[in-house]
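Chemist: need coordinates for the below:
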Amino acid sequence: MKSTRLTLMMGFLICSFLSAQQEANPNTTIFWDVSLSAKDRDLEKDLSILDKVFQRSPDQRVQLVLFNLQITEKNYTIAQGQWEDLRKDLQSLTYDGANEYSQLKGLAKHPNVYLFTDGNRIYEGDYPDLPPKSFLINSSPYRDEEFLKRTALINRYRLMDFAAILPENISSLRKPVSPAKNTVRGKVYIDNVPVPDVVIAVKGEARGVRTVLDGSFSIEAQPGDSLLVSSRSRNTYKYVPVEDTSQMNIFLEGNVFTLEEVVLVEKRQEEAAQVDTGYGKENAEKIGYAVQSLGDDDITPIQTDVSQTVLNKFSNVNLGNTEDISRTTMRSNTSILGNNYSLVVIDGVPQRQSDSSRGASSSSQAIFNFVNPDNIASISVLKGYAATNRYGSLGANGVILITTKSAAGAKAAGQPVDLARLTDNVYRGADAGTKASKSDLITALERSGTPEKAYEEYLRLRAAADRGVDFFLEAYEFFKKEDKDRAAVIISGVLELFPKDINTLKAVSLALSGVGKYKDVIRINEEILEIDRKHTQAYLDIAVAKKETGDYQDALQDLLALHGNTITPPISANSVSKTVVREIKNLVFRHRGALNTISIPPQLMNNLKYNVRLVFEWNDPQAEFSLQFVNPQNRFFNWEHNTMSSSERMKDEIINGYSSEEFEFYGDGVQGKWLLNATYQGHVDITNQVPLVLKCTLYQNFGSPDQKSREIIRSFTTPEETKTLAEILVD
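Modeler: Reported below is the predicted structural model:
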């Protein structure tokens, strides 16, 4: 009886719904949602609508527009109500990816417009801009009901929601609607680690919530409220004001003391500065002459050889045009026939000197590329008496003292110094981590033979079981080589299936930039800003994406706003200032004719030049990984992003909303083939389900007329998984 009643009700509604169709021009445009969520539609109900349309107007032309992240258009001629070809096409459709309503604007060729969609979308500000009195139809029980109603009301569409006449939904209409609540979500970190069982309560209210395993929480609060965040086990608490944002990250410091053992030590009131004199460490005030020194904290990890470490770090120390430490001078070239180069001493052992009297290209010049900057504990420069007092005539031109961490550690342990350990940065292949192996999905897709069969296999595997984000990322990586549009559709489906948190949005944004979908990159980062208005990286990514779409003036204005800190609400852009400056300078250099440069500060008008510029970006500030740079001499250094070596930086990334770093190669000595590897080490939050997505933008001859660039995207799911990002030939 219920089924019969619903069928009669549905038939009555369809007739009433279509009674307003215009007779003057019977031609029809059908917009048909083929996104992933639309696969749950009741196809027979949708087709019954069209059956009535063609009964009323049996002779007409039909424009069919299929849409997800892309648009596909077909045209049909209907005669005497026969529309079997159209019906068969609609019955055989494939549903994939996410939809975007804004691209439908202006596409309708005919006056009678039907939009079949469930209202699920990836952008909050996205809506269909169609002619008034268009028909809006849904048959999916998993629709966005509020969006459908609001869209129909604002745009004067005619809404028919089949799901609204289901028994469970009819009964729900009688229930009072509760007012909308403002929910604040976030994570609590204690000592930079997300912690469960932390209590969060609104000040003045008795009830509160506790953080779950990954440190996240959700609580109802309004801007202006204060949250009391407390942990009894960590002996810490903090009051945090609620900001006008739906996402908060709260950092506390634990106050736990271990009293099992107490050790009393004597400590001087003030530590005297220690310098290396060649005889060992001495009090700087005691020795009676000046010694300049660099410590471990002063050595930048990106420097690939010891010469770059010394360059411009000491007064009156000149590396000459070659910028080579073996040809360092510390005074005027007073010797015409003799040697003017300084002596280099490593771990107390004087090295062979280069000879200025025999020419720069002489085979007698020493080479120090075997010294790994990451293994240097300190560098000191001795001049004058300080040099000759210890090394005699060998030190007449000054001495550079290098102490390695290997030697310093061995000496502290009372062990003999092994100078061979200076070579511990020799690259031996991918044995530092587990080399990435092909997944079952990639293997299955490769065996399919053709791209179309591979896509059919992907759809079959997608339907076989619940799939995580990693499944879509792997499929994306496979298809992007042959079909960038299909890869974009596949990865966009992540946004319909998974929660719209920033890390997931960021992963999709990076993937879409890798296939040139920069307009979607802009939309996704605008969505991120709806969640967190202070997310610095989103502002930068929008500006860079605008540059890639050719919108140079808007890109420049966004970059200048970051540079001048004029964004509202205020954000901290210091963390990305180097990238912002370089983007502005290069944009002006390459597109000056298309820009209004009046507002650009003079110091930003001159361009920079590098052999290679590398910009890295990742989707999750809590992901732990390392980047490995292997130079032409087969020696490497690692840049680490983990809680052991960069805990404060990771905290700063979370607070200020950025996740990027850049490096550059320039000058002599960098020519040859370089290798870039990345190793995923895990995640601070062990419950995390979003893979690490790493993007590398590689610029060659940066700042020159022949500048070239390419984007490299890699995703990681398995700890200790190592992937090669690129091989670079540096000219």
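Chemist: got any ranges where the stretch 101-250 of the chain has weak pLDDT?
Modeler: By pLDDT under 70, the weakly predicted segments of the stretch 101-250 of the chain are 165-181, 206, 244-246.
Chemist: which stretches of it form strands?
Modeler: Counting by DSSP state E, counting those that start in this stretch, the stretch 101-250 of the chain forms strands over residues 112-116, 135-138, 158-161, 183-190, 193-194, 199-202, 208-210, 216-220, 226-231, 236-241, 247-252, given from the N-terminal end onward.
Chemist: Tyr455: which of the ones you listed is closest?
Modeler: Go through those one by one with C-beta to C-beta and the one that ends up closest to Tyr455 is strand 112-116, at 23.3 Å. C-betas here are computed from N, CA, C, even on glycine.
Chemist: which positions in the closest one come out as buried?
Modeler: 112-116 (16 or more other C-beta atoms under 10 Å).
Chemist: which ones are touching Leu136?
Modeler: For Leu136, the residues meeting the contact criterion (C-beta atoms under 8 Å, 6 or more residues apart in numbering) are 115, 117, 128, 148, 151-152, 157-160.
Chemist: next, format those as TSV and append distance to Arg234.
Modeler: Below are the contacts of Leu136 laid out as TSV (distance: C-beta to C-beta, whole Å):
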residue	distance to Arg234
Leu115	54
Thr117	49
Pro128	50
Leu148	47
Thr151	48
Ala152	51
Tyr157	54
Arg158	58
Leu159	53
Met160	56
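Chemist: buried ones only from those residues, please, as a PyMOL command.
Modeler: Buried residues within those, by 16+ other C-beta under 10 Å, are selected in PyMOL with:
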select buried, resi 115+117+128+148+151+152+157+158+159+160
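Chemist: ok, the contacts of Leu136 vs Ser35, which is closest?
Modeler: Set against Ser35, the nearest of those by C-beta to C-beta is Thr117 (8.3 Å).
Chemist: returning to what we had before: okay, among the contacts of Leu136, which ones form the most distant pair?
Modeler: The most widely separated members of these are Pro128 and Met160, with 14.9 Å between them, by C-beta to C-beta.
Chemist: tell me which of the strands of the stretch 101-250 of the chain lies nearest to Val306.
Modeler: strand 193-194 (35.7 Å).
Chemist: list the buried residues of stretch 184-201.
Modeler: Within stretch 184-201, the residues that qualify as buried by neighbour count (16+ other C-beta under 10 Å) are 184, 186-190, 192, 194-195, 198-201.
Chemist: now that stretch, how far from the centre of its chain.
Modeler: Relative to the centre of its chain, stretch 184-201 is centred 23 Å away, using C-alpha atoms, centre = their mean, to the nearest Å.
Chemist: then that stretch to PDB, C-alphas only?
Modeler: Output for stretch 184-201, consisting of C-alpha atoms alone and laid out as PDB, is shown next (Å, rounded to 0.1, in the frame of the first residue of the first chain):
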ATOM      1  CA  VAL A 184      35.100  24.900  16.700                       C
ATOM      2  CA  ARG A 185      37.600  22.100  15.800                       C
ATOM      3  CA  GLY A 186      41.300  21.700  16.400                       C
ATOM      4  CA  LYS A 187      44.200  19.800  17.800                       C
ATOM      5  CA  VAL A 188      46.100  20.100  21.100                       C
ATOM      6  CA  TYR A 189      49.800  19.600  21.100                       C
ATOM      7  CA  ILE A 190      51.900  19.200  24.200                       C
ATOM      8  CA  ASP A 191      55.700  19.600  23.600                       C
ATOM      9  CA  ASN A 192      54.800  19.600  19.900                       C
ATOM     10  CA  VAL A 193      53.200  16.200  19.900                       C
ATOM     11  CA  PRO A 194      49.400  15.700  19.500                       C
ATOM     12  CA  VAL A 195      48.000  14.300  22.800                       C
ATOM     13  CA  PRO A 196      44.800  12.500  23.700                       C
ATOM     14  CA  ASP A 197      42.700  12.900  26.900                       C
ATOM     15  CA  VAL A 198      43.200  16.600  27.200                       C
ATOM     16  CA  VAL A 199      40.200  18.400  28.600                       C
ATOM     17  CA  ILE A 200      38.700  21.400  26.700                       C
ATOM     18  CA  ALA A 201      35.900  23.400  28.200                       C
END
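Chemist: so which strand or helix has the residue lying closest to Pro569 once chain neighbours are set aside?
Modeler: Excluding the flanking residues, the one nearest Pro569 by C-beta to C-beta, 6 or more residues apart in numbering is Arg533, at 5.6 Å. Under DSSP states H and E, no helix or strand contains Arg533.
Chemist: measure Arg533 to Pro223 for me?
Modeler: Distance of Arg533 to Pro223, given as C-beta to C-beta, to the nearest Å: 12 Å.
Chemist: these two: which is more packed in?
Modeler: When neighbours are counted by other C-beta atoms under 10 Å, Arg533 comes out ahead of the other of Arg533 and Pro223, with 19 against 11.
Chemist: distance of the more buried one from Leu556?
Modeler: Distance from Arg533 to Leu556, counting by C-beta to C-beta: 22 Å.
Chemist: what do you get for Ile219?
Modeler: Taken as C-beta to C-beta, the span from Ile219 to Leu556 is 41 Å.
Chemist: check Ile346 too.
Modeler: Distance of Ile346 to Leu556, computed by C-beta to C-beta: 48 Å.
Chemist: next: Leu394.
Modeler: To Leu556, Leu394 is 55 Å away according to C-beta to C-beta.
Chemist: Pro194 bridge partners, please.
Modeler: Counting by DSSP bridges, Pro194 is bridged to Tyr189.
Chemist: pLDDT score assigned to Arg5?
Modeler: pLDDT, Arg5: 50.
Chemist: surely Pro373 meets Phe637?
Modeler: Yes - the criterion here is C-beta atoms under 8 Å, and Pro373 meets it with Phe637 at 6.6 Å.
Chemist: quick one: the helices in the stretch 551-700 of the chain, in order.
Modeler: 552-564, 577-591, 647-656 (DSSP state H, counting those that start in this stretch).
Chemist: using JSON lines, lay out those helices together with mean pLDDT, mean neighbour count and distance to Thr404.
Modeler: Formatted as JSON lines, the helices of the stretch 551-700 of the chain follow (pLDDT from 0 to 100; neighbours: other C-beta atoms under 10 Å; distance: least, C-beta to C-beta, whole Å):
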{"stretch": "helix 552-564", "mean pLDDT": "95", "mean neighbour count": "19", "distance to Thr404": "40"}
{"stretch": "helix 577-591", "mean pLDDT": "95", "mean neighbour count": "19", "distance to Thr404": "29"}
{"stretch": "helix 647-656", "mean pLDDT": "91", "mean neighbour count": "17", "distance to Thr404": "25"}
